[in-house]
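[1] Provide a 3D model corresponding to the input given below.
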Amino acid sequence: MLHESGLPHTLWGEAVRHVVWLKKHMPTKVLNSGTPLEAATGKKPNLSYIRLWGSKIWVCLEAGDKLSGCVAEG
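    Presented below is the predicted three-dimensional model:
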């Protein structure tokens, strides 16, 4: 994931966290096509907001004022 996205190798911890999060939200055969999260909470996970690893995002900055930008591309 890191190599393909072109992100620095110092983000390996975040990449691992992302993979674990995805695995908790994806169906498995052991749970009859259910997800581990669904088995634990009884609710289906909402996957509509998942972004590709390494995609550009906008981050809200609290230090912004009226004339300067309140968001930054990350």
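[2] just the helices in this structure please.
    Using DSSP state H, the helices of the chain run over residues 2-5, 12-25, 36-41.
[3] roughly how far apart are Gly34 and His25?
    Separation of Gly34 from His25 (CB to CB, to the nearest Å): 11 Å. Just so you know, the C-beta spots here come from the backbone N, C-alpha and C atoms, and that holds for glycine as well.
[4] remind me which residues of this structure are low pLDDT?
    63-69, 74 (pLDDT under 70).
[5] switch the cut-off to 90
    1-9, 11-12, 14-15, 18-19, 21-28, 30-35, 37-39, 43-74 (pLDDT under 90).
[6] one step back: a markdown table for the helices of the chain, including mean neighbour count and distance to Cys60?
    Output for these, formatted as a markdown table (neighbours: other CB atoms under 10 Å; distance: least, CB to CB, whole Å):
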| stretch | mean neighbour count | distance to Cys60 |
| --- | --- | --- |
| helix 2-5 | 11 | 23 |
| helix 12-25 | 13 | 19 |
| helix 36-41 | 13 | 27 |
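[7] would TSV of those with distance to Gly54 be doable?
    TSV is the format used below for the helices of the chain (distance: least, CB to CB, whole Å):
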stretch	distance to Gly54
helix 2-5	3
helix 12-25	9
helix 36-41	24
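[8] what's the closest of these to Ala72?
    Between Ala72 and these, the tightest spacing by CB to CB is seen for helix 12-25, at 18.2 Å.
[9] and the closest one, what does it pack onto?
    helix 36-41 (3 or more CB pairs under 8 Å, 6 or more residues apart in numbering; DSSP states H and E).
[10] Can you give the contact residues for the helix it packs on?
    Where contact means CB atoms under 8 Å, 6 or more residues apart in numbering, the residues beyond helix 36-41 that reach it are Lys23, Lys24, His25, Thr28, Leu31, Lys43, Lys44, Pro45.
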